[in-house]
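I need the structure of the sequence given here:
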Amino acid sequence: MRDQERERQATATKTARLRELRLAKEAAEREEAALKPAPAKRVRARRSKQT
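Reported below is the predicted structural model:
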């Protein structure tokens, strides 16, 4: 029973650490995206109708 509890605790600790790393990475990516200018949109040229 102690082994199971130890494994559960290790899994919970590992999961919390990975969650923190993921959240930090996502925050850094959002910050980086906020600093970059928005990409210019391509404007499609309209073709005139040929009759």
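
Going by C-alpha atoms from here, please, whenever you check contacts or count neighbours.
Fine.

low-confidence ranges in the chain?
51 (pLDDT under 70).

would you list every one of the helices in it?
Listed in chain order, the helices of the chain (DSSP state H) span 2-35.

got a list of what the most centrally placed residue in it touches?
Closest to where the C-alpha atoms of the chain average out (CA atoms, centre = their mean) is Glu26, at 4.5 Å. Not one residue lies near Glu26 by CA atoms under 8 Å, 6 or more residues apart in numbering.

Roughly how far does it sit from Arg8?
27 Å (CA to CA, to the nearest Å).

how far away is Arg19 from Ala38?
29 Å.

what does Glu32 give?
12 Å.

same question, Glu31
13 Å.

Between those two, which is the more surrounded one?
Glu31 (11 against 8; other CA atoms under 10 Å).

roughly how far apart are Pro37 and Glu31?
Pro37 is 12 Å from Glu31, by CA to CA.

Hmm, I typed the wrong one, I wanted Val43.
In terms of CA to CA, Val43 sits 28 Å off from Glu31.

same deal with Lys49?
Distance from Lys49 to Glu31, by CA to CA: 46 Å.

now Lys25
10 Å.

got it, and Arg46?
Shown here: Arg46 relative to Glu31, a distance of 37 Å by CA to CA.

what's the burial count for Ala45?
By other CA under 10 Å, neighbour count at Ala45 equals 6.

buried residues in stretch 14-31?
Of the residues in stretch 14-31, none count as buried by neighbour count, 16 or more other CA atoms under 10 Å.

Using PDB, write out every CA atom in it.
Extracted in PDB, the C-alpha atoms of stretch 14-31 (Å, rounded to 0.1, in the frame of the first residue of the first chain):
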ATOM      1  CA  LYS A  14       5.400  15.100 -11.900                       C
ATOM      2  CA  THR A  15       2.100  16.100 -13.400                       C
ATOM      3  CA  ALA A  16       2.200  19.400 -11.500                       C
ATOM      4  CA  ARG A  17       5.700  20.100 -12.700                       C
ATOM      5  CA  LEU A  18       4.800  19.400 -16.300                       C
ATOM      6  CA  ARG A  19       1.700  21.600 -16.000                       C
ATOM      7  CA  GLU A  20       3.800  24.500 -14.700                       C
ATOM      8  CA  LEU A  21       6.300  24.100 -17.600                       C
ATOM      9  CA  ARG A  22       3.400  24.000 -20.100                       C
ATOM     10  CA  LEU A  23       1.800  27.100 -18.700                       C
ATOM     11  CA  ALA A  24       5.100  28.900 -18.700                       C
ATOM     12  CA  LYS A  25       5.700  27.900 -22.300                       C
ATOM     13  CA  GLU A  26       2.200  29.000 -23.400                       C
ATOM     14  CA  ALA A  27       2.600  32.400 -21.600                       C
ATOM     15  CA  ALA A  28       6.000  32.900 -23.300                       C
ATOM     16  CA  GLU A  29       4.500  32.100 -26.700                       C
ATOM     17  CA  ARG A  30       1.600  34.500 -26.100                       C
ATOM     18  CA  GLU A  31       4.000  37.300 -25.100                       C
END
